[in-house]
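[1] could you work out the structure for the sequence below:
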Amino acid sequence: MSAIRFTDDSGPESNRARVSVAEADPDAAPLAVGGPPAARVDPRELAARFEEEKPGRTLSGPVAAVLTAATLAIALLALWQVFRPLAQGSKYYLIYFLAGVLPLVFLAYPADLRLPRWLRRSPAGDGTAPDPPGAADLAGLGPTGPSRVDWALAATALACCLYPVLPVALGGGGGGYDAFLDRQGLLVGMDVVMGTLLLLLLLEGCRRTTGWILPAACVVFLGYGYYGGLLPQSWPVAHAGLDFGQLVDAFYNSDSGFYGTPLDVAATYIVLFTIYGAVLDLSGAGRFFVDLSAAAFRRSHTAAGRTAVASGFLLGTVSGSGAATTVSIGAVTWPILRRAGYPAERAGGMLAAAGVGAILSPPTLGAAAFIIAEYLGVSYLRVLGWAMVPTVLYYLGIVLSVEIDARRSGVRPAAMPATSAWRLLARSGYHFASLFAIVGLLAVGMSATRAVVLATLLAVALSFLDRSHRLTAPRLVAALSSGVRGVLAVTVVCAAAGIITATTTKTGLGPQAAALLVNAAGSVSSDPAVVLALTALLAAVALSLLGLAIPVTASFVIGWVIIGPALLDLGVSAPAAAMFVFYFAVLSEVSPPTALAAVAAAAVTGGRVVPTMWHTLRYALPAYLIPLAFVITPTGLGLLGMGGPKRILLATAVTALGVAVLAVAAGGWLPGVGPAGVPERVLGVVAGLTLLWLQPVPIAIGAVLAGAMAVGVLVRRGSTGPSGGTRAGSPA
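    This is a model prediction of the structure:
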């Protein structure tokens, strides 16, 4: 998640986790989309270009020192809150957390807007020096750092965020935290002014970090809340109407607005897990996971592909970011894939699909997974349990596709490191200890926040086993600061999501939109099973389109408040509905035409972007279909580890067969047999889709069709010979 780089980072530049492609392989392909760039590119800087948040400034000197000190203070506050919560409650803590984060957004992220010359000057300058080269193009960029406007916005953000706890009276407002809460529903003029300013600042912060789409969506919801009362009352989405003061009160002084569940999750779970990831990264865990994957499969014919997939899974356990994981594994494994004969586009698709698995892989799922735990009132360990089987099935589909591609395309064995996996485990296997510690502590009933803090401390202690990656005091400060920097963008997104959730709650839009969705499906058929299937399909399409434009976290929040009620009304269990929305929100990273992870992979391999996207889609196909399986039938709950061992085993085995059949149909090859023709591939698609309907009759039909596909491939092999060519005496 970290898209900002401070040049006073205390970590040594020799850190192996920052290996460039040129360092991994001097002959490696350039890191650019469709063209040759510089010889050496830092994978972290490349990842920042393709993550959901926009790249931040490169800061140095006093400004970087100030921001490092501020991020360190925020990190210490977050850690303190875990063991010594503030007596005034969680909302009181959220006020201070947002007050620390929001001003940093304006200093760390450029405005990307043209401003008058005098406003572009940094306050640190003497006001007479000429603008540096390029400063006339983008406000606040270049050596001058933040502009005057940025500093003014940061100061205003600090004042607006701290206003609810202002201990003195101000214009009829202020008076302290308790007085502010007492005015809920009865805001005075000063409250409305400060709330309005904070609203505008959050929209600008979202624009700087994620672009225009999410702020535009928030404005649409804001307009709906204000003008919805003017709609004809016969319309399903009409409501009684809210005045501006009521909206500001809902945003600024309620538990569903700026300081609602999304921000609570960002300020408690996400920041701590991001710090944990930064600590592991600086301790050398990232490179160890890649080396271990390469060593484990070095004797396999398909070692190159397996290494890429295994690296994505292992790095994903601590990353939680699809684009960043894609770039990290690509920087090391693309040279191996290229030597094995993989085309750039196919390798890019494999890397992107494996990287996106990072957001689906326990124990650190994407940020939305923590919101699921809060919304449903369950432990994070329960959410991890729901994600286990789908994650295994997702990577099963990728591994099968890798094996099929290797045989169909004639991939050759690649030279792999000679180091033994057992030797690597003996030397650096301690990196797994903190991961196991998180799961173990969660299993004994410890909260996720305390578990990750203790795991972080364990990772720090274990780092001293490796002389080159010891987390000394300066490097530990760098890790804490990096963790907070990585959560700046997601914090602003989560706070802005309060605009959407509060508006939806106040207007009743959620149930109304859910009724429209169900009615649309009901207009096709009156059969409950068909209505549920069509509703799920329409919801999947809507979530996929929504995710193309906004970050995963915001996509999940909007999807849950709008689409979640439709699934719940049709009898889908809350866990299944939440995980359904979560998976389709995540899949925006591999969905054309945006597919950020695929674009990042193309940058690593130098391949064409659009073909890379389609290969990614083929590799990630199971992820699109499995969520449908666990909402359209009760047996599908077994995929979430619910319903007892019998249901879990049945659902897993049948869905695994469906994933395998679909992989064969997509790849056009049955491993161990030979190529599949068009008829067999069509049978495979029908069989795979039928098997996902986890009921006795569809399972039987799907199994028969799968068997027919296999027989067809065997017959085809018999007529062409084992090598795929025409046998002597057979017709050409």
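[2] leaving out sequence neighbours, find the closest residue to Ala347.
    In space, and not counting its chain neighbours, Ala347 is closest to Leu337: 4.3 Å by C-beta to C-beta, 6 or more residues apart in numbering. (Each C-beta comes from the backbone N, C-alpha and C, glycine too.)
[3] please give the element, helix or strand, for that neighbour.
    Element membership for Leu337, per DSSP states H and E: helix 322-340.
[4] what's the angle from the helix or strand following that helix to helix 322-340?
    Next in sequence after helix 322-340, counting helices and strands by DSSP H and E, comes helix 344-360. Relative orientation of helix 344-360 and helix 322-340, computed by axes from the mean of the first three to the mean of the last three C-alpha atoms, to 10 degrees: 140 degrees.
[5] other SSEs contacting helix 344-360?
    On a contact count with 3 or more C-beta pairs under 8 Å, 6 or more residues apart in numbering; DSSP states H and E, helix 344-360 meets helix 303-319, helix 322-340, helix 380-408, helix 574-586, helix 596-605, helix 609-619.
[6] distance to Leu425 for those - can I get that in a markdown table?
    Output for the helices and strands packed on helix 344-360, formatted as a markdown table (distance: least, C-beta to C-beta, whole Å):
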| stretch | distance to Leu425 |
| --- | --- |
| helix 303-319 | 12 |
| helix 322-340 | 18 |
| helix 380-408 | 20 |
| helix 574-586 | 30 |
| helix 596-605 | 27 |
| helix 609-619 | 28 |
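[7] just name the most buried of these.
    Highest mean neighbour count of these: helix 596-605, a mean of 31 (counted as mean count of other C-beta atoms under 10 Å).
[8] now that helix against helix 609-619, angle please.
    Here the directions of helix 596-605 and helix 609-619 differ by 120 degrees (the same axes, to 10 degrees).
[9] elements contacting helix 596-605?
    Counting contacts by 3+ C-beta pairs under 8 Å, 6+ apart, helix 596-605 packs against helix 43-50, helix 322-340, helix 344-360, helix 609-619.
[10] these: which one's closest to Ala651?
    Comparison of the helices and strands packed on helix 596-605 against Ala651 by C-beta to C-beta identifies helix 344-360 as nearest, at 17.5 Å.
[11] distance between the closest one and the chain's centre?
    Centroid displacement of helix 344-360 relative to its chain, using C-alpha atoms, centre = their mean, to the nearest Å, is 13 Å.
[12] Met579 contacts Phe630, correct?
    Yes - with contact defined as C-beta atoms under 8 Å, Met579 and Phe630 form a contacting pair (7.0 Å).
[13] mind listing the shared neighbours of these two?
    Counting by C-beta atoms under 8 Å, 6 or more residues apart in numbering, the common neighbours of Met579 and Phe630 are 390, 640.
[14] where does the stretch 151-300 of the chain dip in pLDDT?
    Low-confidence segments of the stretch 151-300 of the chain (pLDDT under 70): 299-300.
[15] quick one: the helices in it?
    Assigned by DSSP state H, counting those that start in this stretch, the stretch 151-300 of the chain shows helices spanning 177-182, 189-210, 213-227, 244-252, 261-265, 271-282, 285-296.
[16] tell me the most buried of the ones you listed?
    helix 271-282 (a mean of 27).
[17] so it versus helix 322-340, what angle?
    On the basis of the same axes, to 10 degrees, helix 271-282 is oriented at 30 degrees to helix 322-340.
[18] from now on call the first residue 508
    From this message on, residue numbering opens at 508, which makes the last subject helix 778-789.
[19] can you put the helices and strands packed on helix 1103-1112 in CSV and add distance to Pro610 and mean pLDDT?
    Putting these into CSV (distance: least, C-beta to C-beta, whole Å; pLDDT from 0 to 100) gives the following:
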stretch, distance to Pro610, mean pLDDT
helix 550-557, 21, 57
helix 829-847, 25, 80
helix 851-867, 29, 84
helix 1116-1126, 36, 86
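[20] how about those helices in JSON lines, adding distance to Ala913?
    Compiled in JSON lines, the helices and strands packed on helix 1103-1112 are given as follows (distance: least, C-beta to C-beta, whole Å):
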{"stretch": "helix 550-557", "distance to Ala913": "26"}
{"stretch": "helix 829-847", "distance to Ala913": "8"}
{"stretch": "helix 851-867", "distance to Ala913": "10"}
{"stretch": "helix 1116-1126", "distance to Ala913": "13"}
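[21] please name whichever of the ones you listed is nearest to Tyr1090.
    It's helix 851-867; of the helices and strands packed on helix 1103-1112, that one is closest to Tyr1090 (C-beta to C-beta) at 7.3 Å.
[22] next, the angle from that closest one to helix 1081-1093.
    Helix 851-867 runs at 150 degrees relative to helix 1081-1093, counting by the same axes, to 10 degrees.
[23] ok so, going back, which one of the helices and strands packed on helix 1103-1112 lies closest to Leu1039?
    Of the helices and strands packed on helix 1103-1112, nearest to Leu1039 by C-beta to C-beta is helix 851-867, at 23.9 Å.
[24] pull the closest one out as PDB, backbone CA atoms only.
    The C-alpha trace of helix 851-867 is given here as PDB (Å, rounded to 0.1, in the frame of the first residue of the first chain):
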ATOM      1  CA  ALA A 851       6.000 -11.700 -22.100                       C
ATOM      2  CA  GLU A 852       2.200 -11.400 -22.200                       C
ATOM      3  CA  ARG A 853       1.600 -14.900 -20.800                       C
ATOM      4  CA  ALA A 854       4.200 -14.500 -18.100                       C
ATOM      5  CA  GLY A 855       2.700 -11.100 -17.200                       C
ATOM      6  CA  GLY A 856      -0.700 -12.700 -16.900                       C
ATOM      7  CA  MET A 857       0.700 -15.400 -14.600                       C
ATOM      8  CA  LEU A 858       2.500 -12.800 -12.400                       C
ATOM      9  CA  ALA A 859      -0.600 -10.500 -12.200                       C
ATOM     10  CA  ALA A 860      -3.000 -13.400 -11.200                       C
ATOM     11  CA  ALA A 861      -0.500 -14.700  -8.600                       C
ATOM     12  CA  GLY A 862       0.000 -11.100  -7.300                       C
ATOM     13  CA  VAL A 863      -3.700 -10.400  -6.900                       C
ATOM     14  CA  GLY A 864      -3.900 -13.600  -4.800                       C
ATOM     15  CA  ALA A 865      -2.100 -11.500  -2.200                       C
ATOM     16  CA  ILE A 866      -5.400  -9.700  -1.300                       C
ATOM     17  CA  LEU A 867      -7.200 -13.100  -1.000                       C
END
